[in-house]
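S.K.: with the input below, show me the fold.
(one chain, ligands or ions: 1)
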Amino acid sequence: MKLHKIFVEREIAEHHQVAEICDNIDAPVRVVDTLKEAYAYVSKGKDPVSMGKQTLILCQNKGAFIKACPGTREYNCCSYEILHMASFCNMDCAYCILQTYFHPPVLQYFVNQEDMWNELEQVFMRDRISRVGTGEYTDSLIWENYSDLTPKLIQRFSSQTRAILELKTKTVAVDRLKGLDHNRKTILAWSLNTEKVIQLEERYTTTLAARLKAARRCVDWGYPVAFHFDPMVIYEGCESDYNAVIQQLFTQVPPENIVWISLGTFRFIPALKQLIQARFPASGIVYHEFVPGLDGKMRYFKPLRMNIYKKIAEWIRAVAPDVCLYFCMEDDEVWETCLGYAPSEAGGLPEMLDAAAAAHCGLTAPVRSSEGEKVS
Ligand code: SF4
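M.R.: Numbers count the residues shown, from 1 in each chain. Next comes the predicted model:
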């Protein structure tokens, strides 16, 4: 989506990044004393979510840049950390939780990155492995035309051995990654789905073939890669479609270059349903039977989830028996039924992912124990 308006918080109006970003965008700029003025602008009109995708706010992050991923204790959580350098997204997926997560949902880019670098230095000093990603509150690579943050992050992560950076995307904006000295400390990750889901539910994203081609380019440049089958959508014929995605994936990407693959089925907070119905009238994803999960989100019945997970896991394992495969927010029963073990039997989910990161990315910090402490 094209940007139509930029708001700049007056306190940071003179920051060098503001001029650099505004120079790259053909849209009127307005400096505001308070962000309430910008929030009021995006909240008016028939579709505030779309308005928020066409409006950029340049401001400060007044909270922490590094945050724990908001998992829930009821399910197996991976102890990921979010590098919150920006919010929201200019692509438009029907199921996107960010439509209801921010109030209002609007593109925000934080220019006070001096604070971010300070927080990252603390991460690099920890005596354990850290897994940090920028792709939870935004898509990691939608900012490539406006900012040089990605190459700077890749460069800083390359010169330490205790943390990895995961860049998650549905774009193919990888041109600038070629030739960077990444030292395998940055993992490029794509969200994958069937062609049908991409066409119906993921507006303004790239095709499956384009994502896999971009992944292949990154592999050729020496980057480790990862893939997220999330959210998997259950529909008639979905099994053969997901099988086709897996076959395409391994045609492009050799399994030994993949750090991890996650699986998660469509889930949503109840408030998202009406929004999807209003904004995506052609979408069918909410017209299914769902049950409330322990975290209050609506999910497919567990037997349905386990049925598709089991098949996908078998198809992946047939080609890539050693790849680290995990579920996002599922309980031990799902793990045991579909993968044959609970995360605790492998030392815990965070420990499994730490070990995969250590093996693929050459980390030297100790892997944490299942109580969250390091083990020597
Ligand atoms: S690409 Fe990701 S962040 Fe962007 S709209 Fe889709 S789900 Fe949301």
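
S.K.: buried residues of stretch 27-43, list them for me.
M.R.: Neighbour counts over stretch 27-43 (16 or more other Cβ atoms under 10 Å) mark 29, 32, 38-39, 41-42 as buried. Backbone N, C-alpha and C define where each C-beta goes, glycine included.

S.K.: quick check: chain neighbours aside, which residue is closest to residue 60?
M.R.: Distances taken as Cβ to Cβ, 6 or more residues apart in numbering place residue 112 nearest to residue 60, at 4.4 Å, with adjacent residues excluded.

S.K.: can you pull the contacts of that neighbour?
M.R.: If a contact means Cβ atoms under 8 Å, 6 or more residues apart in numbering, then residue 112 has 12, 15, 60-61 as its contacts.

S.K.: re the thing from before, could I get the buried residues of stretch 27-43 as CSV with distance to the ligand and pLDDT?
M.R.: Putting the buried residues of stretch 27-43 into CSV (distance: Cβ to the nearest ligand atom, whole Å; pLDDT from 0 to 100) gives the following:
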residue, distance to the ligand, pLDDT
29, 24, 97
32, 25, 98
38, 20, 95
39, 19, 96
41, 21, 95
42, 16, 94
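
S.K.: tell me which two of those residues sit farthest apart.
M.R.: Spanning the widest gap among those are 29 and 39, at 16.9 Å by Cβ to Cβ.

S.K.: please report the distance of the residue nearest to residue 60 from residue 85.
M.R.: For residue 112, the distance to residue 85 (Cβ to Cβ, to the nearest Å) stands at 10 Å.

S.K.: joint contacts of those two?
M.R.: By Cβ under 8 Å, 6+ apart, the residues touching both residue 112 and residue 85 are residue 61.

S.K.: which residues does residue 231 contact?
M.R.: 95, 193, 264-267.

S.K.: now flag whichever of the contacts of residue 112 is closest to the ligand.
M.R.: residue 61 (17.7 Å; Cβ to the nearest ligand atom).

S.K.: isn't that closest one right next to residue 109, touching?
M.R.: No. Residue 61 is beyond contact range of residue 109, at 9.5 Å (criterion: Cβ atoms under 8 Å).

S.K.: find residues that contact each of those two.
M.R.: residue 85.

S.K.: neighbour count: the two, which is higher?
M.R.: residue 109 (23 against 19; other Cβ atoms under 10 Å).

S.K.: about what we covered before: narrow the buried residues of stretch 27-43 to those in helices?
M.R.: 38-39, 41-42 (DSSP state H).

S.K.: what parts of the stretch 201-350 of the chain come near the ligand?
M.R.: For the stretch 201-350 of the chain, the residues in contact with the ligand (Cβ under 6 Å from any ligand atom) are residue 205.
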